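*Asks:* starting from these lines, generate the structure:
(one chain, ligands or ions: 1)
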Amino acid sequence: MAENTNLSFFDLVGNVRAMRRLKPDPVPMELIWKILNAGVQAPSGQNTQPWRFVLVSEPAGKKWFADHYKRAIEKRSALTRGASRRREDPGRQLKALYYQIDHMHEVPYLLFVCGKCDWPFKVPEHERVGEGPPNYGAVYPCVQNILLACRALGLGAALTTMHQVFEEELHTYFNIPRDYGVVVTVPIGYPMGNFGPVTRRPAEDLTFIERWG
Ligand SMILES: Cc1cc2nc3c(=O)[nH]c(=O)nc-3n(C[C@H](O)[C@H](O)[C@H](O)COP(=O)(O)O)c2cc1C
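*Replies:* Residues are numbered from 1 along each chain as shown. The predicted model follows:
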């Protein structure tokens, strides 16, 4: 059941932790549309709205992604390299990461948030060779809206980027055109654990007034 949190914005924004342990229970499509429509309220340069979404719920697609994700993370991350090398006493976050890797195929939805490739202004014309990077600056506000909307509806989600290791194959498998990059993969489902506050340094410690230093 979706939880109607009724949290105020400032409580909500401080409660959007990465939720990596998700139940396989189905999530109604109407909630997904609500979430995606919150995503598309984000700003973008000249209102170009350069995001596109690929929503995967079919077992074959999720399994394909989960297998590739696991291989990528085990190859690249010292924390996870091979099941036999996993830490015997992982902390809470690492435990959740292991869970996510092993159960990625079970989540109700995998959402690929794609961004139109678009050279940043600062790259001069003559240096623009091939396809530019996706418009990260425009896509991340959309992603954050999606995470906030998931939280507001009592759904768990986590921002993941490890798919970049096998992005070529990802494009081919899911038929994603080459002029879009896959910026973020968001597994979405009802959380197994509890939501809770994020741990961040306060802005007062990170802000200079008038001049740095
Ligand atoms: C650019 C970016 C890339 C990230 N990549 C991953 C990722 O590949 N896998 C993952 O589990 N979390 C990823 N995260 C989530 C962070 O690990 C997480 O936000 C951070 O550890 C703080 O934890 P919290 O959000 O639960 O407080 C990413 C976050 C950002 C902003």
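*Asks:* what parts of this protein come near the ligand?
*Replies:* 17-18, 20, 97, 158-162, 198 (Cβ under 6 Å from any ligand atom). C-beta here means a position set from N, CA and C on the backbone, and glycine is covered the same way.
*Asks:* mean confidence for the strand ranked longest in the chain?
*Replies:* Longest strand in the chain by number of residues (criterion: DSSP state E): strand 180-189. For strand 180-189, the mean pLDDT works out to 98.
*Asks:* can you name the two of the residues of the chain next to the ligand that sit furthest apart?
*Replies:* Met162 and Val198 (20.9 Å; Cβ to Cβ).
*Asks:* so between those two, which is more surrounded?
*Replies:* Met162 (18 against 10; other Cβ atoms under 10 Å).
*Asks:* what residues are up against that one?
*Replies:* Applying Cβ atoms under 8 Å, 6 or more residues apart in numbering, we find Met162 in contact with 69, 72-73, 76, 185.
*Asks:* okay, and for this structure, where does confidence drop off?
*Replies:* Applying pLDDT under 70 to the chain flags the ranges 1-5, 77-85.
*Asks:* nearest spatial neighbour of the most centrally placed residue in the chain, chain-adjacent residues omitted?
*Replies:* The residue lying closest to the centre of the chain (Cα atoms, centre = their mean) is Leu159, at 2.5 Å. Of all residues not flanking Leu159 in the chain, Val184 sits nearest, at 5.5 Å (Cβ to Cβ, 6 or more residues apart in numbering).
*Asks:* and what of Val165?
*Replies:* Ala72 (3.8 Å).
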